[in-house]
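A.B. asks: sequence first, predicted model second:
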Amino acid sequence: MSRAIEKVAVVGAGTMGHGIAEVCAIHGYEVVLIDVSDEILRNALEKIRWSLEGLAARGLVKEPINAILSRVKPTTSYEEARDVDLVIEAVVENAAVKKEVFKRLDGMVKADAVFTTNTSTIPISELASATSRPEKFAGLHFINPPVLIHFVEVIKGDRTSDECVATVVDFAKSIGFKYVVLKRDVPGFLINRLNARHWVEALRMLEEGLDVRDVDAAQRFRLGFPMGPFELFDFSGIDVGYLAFNEMARRGFSIKLPEVVKKMYEEKRWGMKTGVGFYKYPAPGAYVRPTILPSDRMYDLNPYRMIASAVNEAAWLVRNEIVTKDEVELAMREAMQWPIGPLTWADRIGLDNVVSILNKRFEETGLEEYKPDPLLEEMVREGKLGLKSGEGFFKWKYEKKDLGAVVYEKRHDHAVVTINRPEKLNALNEAVWEGLRVALEMAEEDPDVRVAILTGSGRAFCAGDDIAMMSKWRGSMDAKAWAERYAAPLIEKAIEFKKPLITLVNGLAFGGGMELNILADIVIASKEAVFAIPEALIGAFPPLASSCGAPLVSKKIIRYALTGEWLSAEQCKELGLVDIVVPPDQLEATGAEMVMKILRAAPLGVEAVKSSVRAYRRMYKELLRAATQDLVILSSSQDFSEGARAFVEKRPPTWKGR
């Protein structure tokens with residue numbers, strides 16, 4: 001059972017203290033606001049009034065402002081807190097200062113009152129030792145600004161009673177806050193442990209020479225966070241983060257702080273509050289959001305390093321039963337405004353990818369903090385990889401069907417279609433053409449599936465049509481039968497496909513393999529991918545590239561259809577065929593990232609876009625039919641026969657021109 005709370009004392013009228021007092025007053029509590037000087041208290045009341053006026057203008061408070069303010073009693077006397085039911089300490093993050101506050105309060109506040117501390121790093125049990133009521137003492141960690149971020153961490157000390165925890169939890173509910181309860185008192189609790197890993201990894205990117213704006217852009221525009229790590233660091237205070245992380249390290253949290261943040265702390269480049277941090281501001285305390293724009297450079301870095309480090313720390317907390325996996329997700333979504341929780345991130349990008357990132361960082365740095373947590377390693381060994389296996393930290397809808405030369409996977413809300421002839425570089429034979437069509441039909445008919453991804457197994461996306469297959473054609477009738485039975489139905493399905501189609505190009509994309517990308521909505525290519533339209537070199541003809549390539553991609557594609565020249569992924573991006581180029585180790589994660597972006601969009605809006613795309617592509621069907629007929633006619637020529645035989649025999653062809 002919890003104790004009833006009617007009156008609250010907030011000790012400390014700084015940024016956090018007056019924010020906490022305001023929240024309590026808004027929800028009807030009588031609040032004694034204590035600080036050392038009348039001037040500090042006057043400033044605090046002015047800020048509370050200013051904040052309430054803003055909330056009132058947005059319709060977020062229902063009472064008159066003066067009625068709310070009347071419930072806040074400012075005072076420099078601890079005696080005023082004698083009859084309160086709950087104490088919330090929010091003074092400077094210094095153990096000695098906090099202990100002195102609690103010693104003074106302990107001797108005068110009624111014996112059954114509950115004491116809480118807003119500390120973000122200092123052990124609860126250590127602070128409770130300054131009182132005669134450790135069983136009535138808990139951590140109650142608010143997030144700045146508490147008026148906007150309605151979330152708290154409730155932390156048990158070594159002797160905190162269940163009744164005390166229940167009282168604090170009920171209080172959090174009464175002020176409309178969501179919460180997590182930490183079963184054990186660990187340095188940094190939950191949120192700051194994950195923040196430390198996340199932010200320190202961002203700082204290490206700077207030490208590697210990456211640009212502040214590129215890292216922030218990657219987090220905002222790739223991962224969907226409201227702010228980049230350095231924007232947020234500046235806003236919350238670099239001094240606050242530096243001191244908190246050092247305090248955590250001093251108390252056993254394994255972390256090596258980069259020199260860049262130490263230097264900024266010593267030079268008092270603390271962010272918005274001093275006018276300069278990672279960005280410059282008009283004046284100390286004058287916040288203007290930095291201009292950060294998306295750019296191709298944000299795809300050169302790996303933002304999942306920051307995610308992986310946070311996931312590793314979250315796994316430690318879950319394995320040690322300090323919090324549950326659901327509490328991890330709730331905390332980072334509500335407190336830090338993550339678009340999805342870190343463990344959901346892990347499931348979506350693949351726990352095998354998370355462990356791979358951590359192992360690579362451990363090899364590069366030798367830092368113990370990168371060693372994958374045993375829980376992650378165990379999950380990977382057991383095949384619990386996330387969406388790609390149907391279970392990771394959470395369970396997901398999953399189906400896998402072997403369609404012969406194609407593998408179809410339903411991964412909860414999207415489908416992954418993989419051409420699976422790695423020994424033949426995923427060349428397109430009848431089984432592949434048929435399998436791809438069936439896979440797209442399955443994806444289209446499944447209401448759970450909102451996006452489809454197409455990729456290839458092994459080191460190729462698709463090396464084009466299987467020349468060995470084509471060399472068996474005995475004339476135009478064989479080619480016509482192939483086109484009508486296999487090629488045309490797949491191309492028709494791709495043109496008419498009602499859901500977004502993403503291709504992940506992991507290696508060779510030649511001939512028909514390159515042409516498949518023309519029909520995709522989004523093409524993401526590895527930096528190691530190579531493209532070509534080499535049909536002219538073997539006496540064949542690229543119908544899709546030649547007919548629809550210019551209107552759907554670019555006039556420049558004609559050159560490559562005529563010459564068979566190879567193109568890099570970057571050249572294809574300039575051509576307009578490729579949308580995004582990423583390092584090879586990011587290809588799968590970037591596909592997951594793009595799926596999540598589409599899932600955040602309105603379904604009807606996505607349907608409308610696809611409807612327009614289908615209408616546009618239909619305009620070129622006659623061109624494609626004519627080009628396919630040219631391929632059929634060409635198939636009966638001596639050039640085609642010679643080109644196919646020469647390719648199979650691995651010799652230069654001898655052209656006759658007919």
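C.D. replies: All right, it came through fine. Numbering: from 1, shown residues only.
A.B. asks: give me every residue that touches residue 15.
C.D. replies: Shown in contact with residue 15 (CB atoms under 8 Å, 6 or more residues apart in numbering): 144, 145. Heads up, the C-betas are built off the backbone N, CA and C, glycines and all.
A.B. asks: next, give phi and psi for it.
C.D. replies: Main-chain dihedrals, residue 15, degrees, to the nearest 10: phi -50, psi -50.
A.B. asks: go on, residue 509?
C.D. replies: Dihedral angles for residue 509 - degrees, to the nearest 10 - are phi -140, psi 90.
A.B. asks: who's in contact with the nearest residue to it once chain neighbours are set aside?
C.D. replies: Leaving out its chain neighbours, the residue that sits closest to residue 509 by CB to CB, 6 or more residues apart in numbering is residue 461, at 4.4 Å. The neighbours of residue 461, taking CB under 8 Å, 6+ apart as the test, are 419, 426, 455, 503, 504, 505, 506, 507, 508, 509, 513, 529.
A.B. asks: for burial, what's the neighbour tally of the second one?
C.D. replies: Read that as residue 426. By other CB atoms under 10 Å, the residues close to residue 426 number 30.
A.B. asks: that older thread, distance from the host helix or strand of the residue nearest to residue 509 to the middle of the chain?
C.D. replies: Assessed by DSSP states H and E, residue 461 sits inside strand 460-462. With CA atoms, centre = their mean, to the nearest Å as the basis, strand 460-462 stands 27 Å off its chain's centre.
A.B. asks: quick check: mean pLDDT across it?
C.D. replies: Averaging pLDDT along strand 460-462 yields 96.
A.B. asks: strand partners of that strand, parallel vs antiparallel please.
C.D. replies: strand 508-510 (parallel) (DSSP bridges).
A.B. asks: hang on, residue 197 in a strand?
C.D. replies: No - using DSSP: H, G, I helix; E, B strand; the rest coil, the assignment for residue 197 is helix, not a strand.
A.B. asks: flag the shaky bits of this protein, pLDDT-wise.
C.D. replies: In the predicted model, the chain carries pLDDT under 70 at residues 1-2, 467-468, 470-475, 539, 541, 630-635, 640, 644-645, 647-649, 657-658.
A.B. asks: domain parsing of the chain, as residue ranges.
C.D. replies: Annotated domains of the chain cover 7-182, 191-381, 398-586+594-645 [automatic domain parsing].
A.B. asks: and residue 378, how close does it get to residue 313?
C.D. replies: 17 Å (CB to CB, to the nearest Å).
A.B. asks: looking at those two, which is more packed in?
C.D. replies: residue 313 (24 against 13).
A.B. asks: tell me the secondary structure at the more buried one.
C.D. replies: helix.
A.B. asks: got a list of what it touches?
C.D. replies: Taking CB under 8 Å, 6+ apart, we find residue 313 in contact with 193, 194, 196, 197.
A.B. asks: could you find the closest non-adjacent residue to it?
C.D. replies: Spatially, and ignoring its direct neighbours in sequence, residue 313 is nearest to residue 197 (4.7 Å; CB to CB, 6+ apart).
A.B. asks: I figured the one you found hits residue 310, correct?
C.D. replies: Yes - between residue 197 and residue 310 there is a contact under CB atoms under 8 Å: 5.0 Å.
A.B. asks: re the thing from before, TSV please, covering the domains of the chain and showing distance to residue 656.
C.D. replies: Formatted as TSV, those follow (distance: least, CB to CB, whole Å):
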stretch	distance to residue 656
domain 7-182	76
domain 191-381	46
domain 398-586+594-645	5
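A.B. asks: where's the closest residue to residue 61 other than its chain neighbours, which helix or strand?
C.D. replies: Nearest non-adjacent residue to residue 61, counting by CB to CB, 6+ apart: residue 55, 4.7 Å away. Here residue 55, judged by DSSP H and E, is contained in helix 38-57.
A.B. asks: next: residue 8.
C.D. replies: Using DSSP H and E, residue 8 maps to strand 7-11.
A.B. asks: after the host helix or strand of residue 104 comes which helix or strand?
C.D. replies: Residue 104 belongs to helix 95-106 when assigned by DSSP H and E. Per DSSP H and E, the first helix or strand lying C-terminal to helix 95-106 is strand 114-117.
A.B. asks: can you list the strands that that next one pairs with?
C.D. replies: strand 86-89 (parallel), strand 137-142 (parallel).
A.B. asks: centre of the chain versus the longest one, how much separation?
C.D. replies: In terms of CA atoms, centre = their mean, the centre of strand 137-142 is found 29 Å from the chain centre.
A.B. asks: repeat that for stretch 367-382.
C.D. replies: 20 Å.
A.B. asks: what's across from the residue nearest to residue 73 when sequence neighbours are not counted in the sheet?
C.D. replies: Excluding the flanking residues, the one nearest residue 73 by CB to CB, 6+ apart is residue 32, at 5.2 Å. With DSSP bridges applied, residue 32 shows beta-bridge pairing to residue 9, residue 73.
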